[in-house]
Every structure is written in structure tokens, then in C-alpha cells.
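Engineer: for reference, the sequence and a predicted model appear below.
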Amino acid sequence: MAARRSIGIVINGVTGRMGYRQHLVRSLLAIREQGGVPLAGGGHIWPELTLVGRDPDKLASIAARHGLTEWTTDLDAALSRPDVEIYFDAQVTAQREKAIRQAIAAGKHIYTEKPLAESSGAAEELAELAAAAGIRSGVVQDKLFLPGLRKLKRLIDGGFFGKILSVRGEFGYWVFEGDWQTAQRPSWNYRLADGGGIVMDMFPHWNYVLEELFGAVRAVQCTTVTHIESRVDERGETYQADADDAAYAIFELEGGIVAQLNSSWAVRVYRDELVEFQVDGVEGSAVAGLRGCRIQHRATTPKPVWNPDLPVTESFRDQWSEVPDNDEFDNGFKVQWEAFLRHVVAGEEFHWDFESGARGVRLAEAGLQSASEGRRIELGSA
Ligand SMILES: NC(=O)c1ccc[n+]([C@@H]2O[C@H](COP(=O)([O-])OP(=O)(O)OC[C@H]3O[C@@H](n4cnc5c(N)ncnc54)[C@H](O)[C@@H]3O)[C@@H](O)[C@H]2O)c1
């Protein structure tokens, strides 16, 4: 029988939206249900989980619900266990840096939600500390593993677009204010003091998406707004929302591609998916969402003529064709967890590390700086 390689993992922030649903249930428990992560040389990695959080009742209830026995409110105690090799952080962003420093000091490998830290200085320091300690690090970059973006990457790799000219992306949906209907996102997202703001939330994603698919970001110009200034929190109390809830940005990429991305929690969806990227190339164009991806080749591109006196006579959407799956797409968070576990246990390649996470925070910071100073910010070529 193939060997089982157990690996102890501390999950901090497991009561949260991301920690519970995507990381515990859809990734780590799903990995256990499938029998572990297979290793190339035989055998498989088996995650042994310790839940960490602030509320003992919530932790005990999650553990009982999923047949787990190990949980604690004492992070230090969890990190001092010799059988724990990995620290994972899905806490609110503002609590992350402190806990990651503790985990580095304890010599654990670290995987974390984005953003890595609240400032690029802190994120870069964490990357340096992790490198000096010789630990393996990773930051969640789930969008890369979405079916829609994987199909887009396949189109790019297959040369479908020819020269790529531009990317335009729309991300967002209406986040209820919390008064007459409860908000579908936690209130800390709308308070600057608690690490909120859509730029800090979304630009780390945009950085790795742009970098891996189209080219590293060389300059950014961004306008941020707090459209909804008063919201109601989880306890029914009205608070002042001072964090940016929309960002309208232009990114100049290495190689000359221009990407224009709108991110908003104050927009109503008239799209097929909550995020969509249109890519225009000389040979063809594509529109990719979370799952779907449609294309139009230059040979099937219609020739509309601008005439406002006539009604539209053709259905532009019908002139695109759907890219087939040609593959099976597992949950993106789980796919990246499996890659990180193979990286830790078998040394397999994994480049979504703290340094790449720090570049994401750097872009968010540049976006905020551009908005506050009203000018274009260049990012170094390093
Ligand atoms: N990869 C993605 O697509 C994605 C999506 C949403 C959020 N995130 C990131 O995941 C992290 C968690 O976001 P979430 O939406 O799950 O938040 P959430 O509010 O639902 O969960 C936050 C967790 O942090 C814990 N926590 C620890 N200290 C806290 C404190 N002082 N105040 C409040 N909570 C505290 C909470 O108990 C809870 O377990 C954030 O860093 C966020 O940027 C990533």
C-alpha cells in the first residue's frame, strides 16, 4: 500500500467566509475526501488539521460538524506543535502580518490569503524574513485557476490573439448597504481602519492575473471613490463607510498592452458573470468570465457601420462562439492548495510565493497613491 505522508496544518480564521467555505470545506476537507494529494513518486499527502480562532464555541462546532478533534484559541500553542508544518492564514487582513511573523519565528511553512500585508513595506519584509528562515511560502491566487481564465490562458498560449492590444475588465456587484437587506460582505471591508477598501482587496488579484497572462504592470492610473458612505454592520448598527468601494484604473503592462479594470461594490450586474475580461488582439478577441469564455476570430468579425438613424439589425453577442472546456476544472482554491502541499512535501515548483504576494500589495499601494495624488504612478522594473 502506498505510503501516507501526514502533514500538520494550522488554519487560522476558519470561522470566516473564506477560511470556512473555500479553504476548509472546499479545499482541505475535499482533499481528505479524495484520499489525499497524490505524489509523483507514489504515496499521498494527508492534511491533519488544527483549527485556530478567537471563539471557542464556533471552533468546537465547526470541528464537531466535520469530525475534526484539534482546535484552539491559542495560536502560539498551535505553532509550537512539532507535528504542525504549515501555518495558513484567512483572518481579516489587518491581523495577518502579526500572525505570519509568529509563524516565521516558529519555523513553519506559510500559506496565506491575500493581501499578504497592509503595506508593501511590511509585505516585502515578510518575504525577506521567510527567505532568511528558509521556509516555503505561498499566497492565494485563486483567480488563475478559474475555468474562464484557464481557457483564456490556453487561447494566449495557442497564439489565438496574435498581438494582444488591450484588456478591459469589469468586476463587481451591488453589495447591500445592510439596512433593509443584510450586506453580503463583512463590514470590515468598508472601514479603512480595519484593512478594508476595494483596491487592497482586488488589486492583489489584478496584479497576478495581469502578470501571468499579459505582462507585469509598469504603471497605474487610478480613481477611487467611496460611493456608499453609510452602511449598517452585522449588529445592525450604522457606521461610516470610509474605505474605497469602487476603483477605476488603467494599467500599462510590460510589452505595451493596456488594461483597464473597473472594480466596484456599487454596480448592478448587466453581464454574464461577476467578473469579465475582454481581450482584443489583432487576430481575434475573447471575453472570459469565471467559468465561460467566448471568442470572435478576425475572419468572423462583422463590419458594423455607425448609423444612429437605424435600429440595430444584428445580434452582436450571437456572433461569438463558446470555448469548449476540453478539461475538468476542479475548485481553484483546492488546486492551488494541492500545488502548495506538493511544493512543501516534494519540492515541486510553486512561484505564487510571498514575493509575488508583495508585488500585489505594491500595486494596490500604487493604485491608492495614484488616486490620492491624482497622477500616474510608475512601478519599478524590478
Ligand atoms: N481569494 C479571494 O478571492 C478572497 C475573497 C474574499 C476575501 N479574501 C481575503 O480573505 C481574508 C478574510 O476575508 P473574509 O471575507 O473571509 O472575512 P471574514 O470577516 O468572513 O472572516 C475573517 C476571519 O478573521 C477572524 N478574525 C481574527 N481577528 C479578527 C479581528 N480582530 N476582527 C475581525 N475578525 C477577526 C474572524 O474570526 C474570521 O474567522 C481577507 O484577508 C480577504 O482579503 C480573499
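Structural biologist: Noted; the coordinates are in hand.

Engineer: how about the helices in the stretch 51-200 of the chain?
Structural biologist: Ranges of helices within the stretch 51-200 of the chain are 56-65, 75-79, 96-105, 120-133, 147-157, 198-213, based on DSSP state H, counting those that start in this stretch.

Engineer: ok, which of the ones you listed comes nearest the ligand?
Structural biologist: Closest of the helices of the stretch 51-200 of the chain to the ligand is helix 198-213, at 5.5 Å (criterion: C-beta to the nearest ligand atom). Where C-beta positions appear, they are placed from N, C-alpha and C, glycine not excepted.

Engineer: quick one: mean pLDDT over that closest one.
Structural biologist: Summarised as a single mean, pLDDT over helix 198-213 is 98.

Engineer: can you check stretch 150-164 too?
Structural biologist: 98.

Engineer: roughly how far out does it sit from the chain middle?
Structural biologist: 21 Å (C-alpha atoms, centre = their mean, to the nearest Å).

Engineer: residues making contact with it?
Structural biologist: Residues external to stretch 150-164 that are found in contact with it (C-beta atoms under 8 Å, 6 or more residues apart in numbering): 144, 212-214, 257, 277, 279-286, 288, 293, 295, 297, 323, 325, 327, 329.

Engineer: circling back: could you dump the helices of the stretch 51-200 of the chain into TSV and include distance to the ligand?
Structural biologist: Putting the helices of the stretch 51-200 of the chain into TSV (distance: least, C-beta to the nearest ligand atom, whole Å) gives the following:
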stretch	distance to the ligand
helix 56-65	8
helix 75-79	10
helix 96-105	6
helix 120-133	13
helix 147-157	13
helix 198-213	5
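
Engineer: which of those has the highest mean neighbour count?
Structural biologist: Comparing the helices of the stretch 51-200 of the chain by mean neighbour count (mean count of other C-beta atoms under 10 Å), helix 198-213 comes out on top with a mean of 24.

Engineer: filter the contacts of stretch 150-164 down to just the buried residues.
Structural biologist: 144, 212-214, 257, 277, 279-281, 284-286, 288, 293, 295, 323 (16 or more other C-beta atoms under 10 Å).

Engineer: just the ones of those residues in helices?
Structural biologist: 212-213 (DSSP state H).

Engineer: tell me the one of the buried ones among the contacts of stretch 150-164 nearest the ligand?
Structural biologist: Nearest member of the buried ones among the contacts of stretch 150-164 to the ligand, counting by C-beta to the nearest ligand atom, is Leu144, at 10.9 Å.

Engineer: okay, the closest one: pLDDT?
Structural biologist: 97.

Engineer: isn't it up against Gly332?
Structural biologist: Yes - judged on C-beta atoms under 8 Å, Leu144 makes contact with Gly332 at a distance of 7.4 Å.

Engineer: check whether Leu146 really touches Phe333, as I assumed.
Structural biologist: No - the pair Leu146 / Phe333 is not scored as a contact, 10.3 Å apart, by C-beta under 8 Å.

Engineer: quick one: residues in contact with the one helix or strand in the chain whose mean pLDDT sits lowest.
Structural biologist: Lowest by mean pLDDT, DSSP states H and E among the helices and strands of the chain is helix 17, with a mean of 94. Residues from elsewhere that reach helix 17 (C-beta under 8 Å, 6+ apart): Pro186.

Engineer: any idea how far it is from the chain center?
Structural biologist: Per C-alpha atoms, centre = their mean, the centroid offset for helix 17 relative to its chain is 14 Å.

Engineer: after that helix, which helix or strand is next?
Structural biologist: Helices and strands here follow DSSP states H and E; after helix 17, the next one along the chain is helix 30-33.

Engineer: against which helices or strands is the helix or strand following that following helix packed?
Structural biologist: The first helix or strand that comes after helix 30-33 along the chain, using DSSP H and E, is strand 37-38. Applying 3 or more C-beta pairs under 8 Å, 6 or more residues apart in numbering; DSSP states H and E, one finds that strand 37-38 contacts strand 44-52, helix 332-346.

Engineer: partner strands of strand 37-38 and their direction?
Structural biologist: strand 44-52 (antiparallel) (DSSP bridges).

Engineer: identify each buried residue in the strand it pairs with, please.
Structural biologist: 44-52.

Engineer: need the outlier residue of this structure, farthest from its centre.
Structural biologist: Asp309 (44.9 Å; C-alpha atoms, centre = their mean).

Engineer: and it, how far from the ligand?
Structural biologist: When distance is defined by C-beta to the nearest ligand atom, to the nearest Å, Asp309 is 46 Å away from the ligand.

Engineer: ok, Asp244 next?
Structural biologist: 14 Å.

Engineer: what's the answer for Glu229, then?
Structural biologist: 21 Å.

Engineer: follow-up on the earlier one: quick check: which of the helices and strands packed on strand 37-38 is nearest to the ligand?
Structural biologist: The nearest among those, by C-beta to the nearest ligand atom, is helix 332-346 at 7.4 Å.

Engineer: list the helices and strands that closest one packs on?
Structural biologist: strand 4-12, helix 30-33, strand 37-38, strand 44-52, strand 84-89, strand 109-112, strand 137-139.

Engineer: at 10 Å what do you get?
Structural biologist: strand 4-12, helix 30-33, strand 37-38, strand 44-52, strand 84-89, strand 109-112, strand 137-139, helix 147-157 (3 or more C-beta pairs under 10 Å, 6 or more residues apart in numbering; DSSP states H and E).

Engineer: how about the helix or strand following that helix, which residues are buried there?
Structural biologist: Following helix 332-346 in sequence order, the next helix or strand is helix 354-373 (DSSP H and E). By neighbour count on 16+ other C-beta under 10 Å, the buried set for helix 354-373 is 354-368, 370-371.

Engineer: how distant is stretch 129-137 from the center of its chain?
Structural biologist: The answer for stretch 129-137 is 22 Å, by C-alpha atoms, centre = their mean.

Engineer: thank you, goodbye.
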